[in-house]
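Novice: After the sequence you'll find the predicted model.
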Amino acid sequence: MNGPYEDAELEAAEQPDASHDLDMETVFASDAHNAEMLALEVQSFLEAQGIPTLLLRGAQIASLPCEVRVPRSRLEEARAVLAAAEESGPEAAAEAERQFEAAGGSENPE
């Protein structure tokens, strides 16, 4: 038989997180002709850094903007990661890709 304290613990464990830390905030938005491609790149980069994302896009209407959102609690981290990536530029990305390939890496090992 469960005591009153055990019942209270079970009830607390079943309650969803009602804090606003999990509210999604926009970290990237674009309505350029290649907005979906850019948003997918941003999403992929943030996910690789361990930051969860949500991609919003107008499925059939290309003129609608694409957005990448992250949890409010990770917004500043996501902004810092994107700023650092932008600062290092495409040369750093190309160098990282060369190192990855030289190490025999493959994103889809078979």
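Specialist: Arrived safely, thanks for sending.

Novice: counting contacts, what elements does the helix ranked longest in the chain pack onto?
Specialist: Secondary structure of the chain per DSSP state H: the longest helix is helix 75-102. Applying 3 or more C-beta pairs under 8 Å, 6 or more residues apart in numbering; DSSP states H and E, one finds that helix 75-102 contacts strand 24-30, helix 35-48. Quick note: C-beta positions are derived from backbone N, CA and C, even for glycine.

Novice: which stretch in these has the least confidence?
Specialist: Lowest mean pLDDT within the helices and strands packed on helix 75-102: helix 35-48, a mean of 90.

Novice: tell me the angle that helix makes with helix 75-102.
Specialist: Using axes from the mean of the first three to the mean of the last three C-alpha atoms, to 10 degrees, the inter-axis angle of helix 35-48 relative to helix 75-102 is 90 degrees.

Novice: list the buried ones in helix 35-48?
Specialist: For helix 35-48, burial by neighbour count (16 or more other C-beta atoms under 10 Å) applies to Ala35, Glu36, Leu38, Ala39, Val42, Gln43, Phe45, Leu46.
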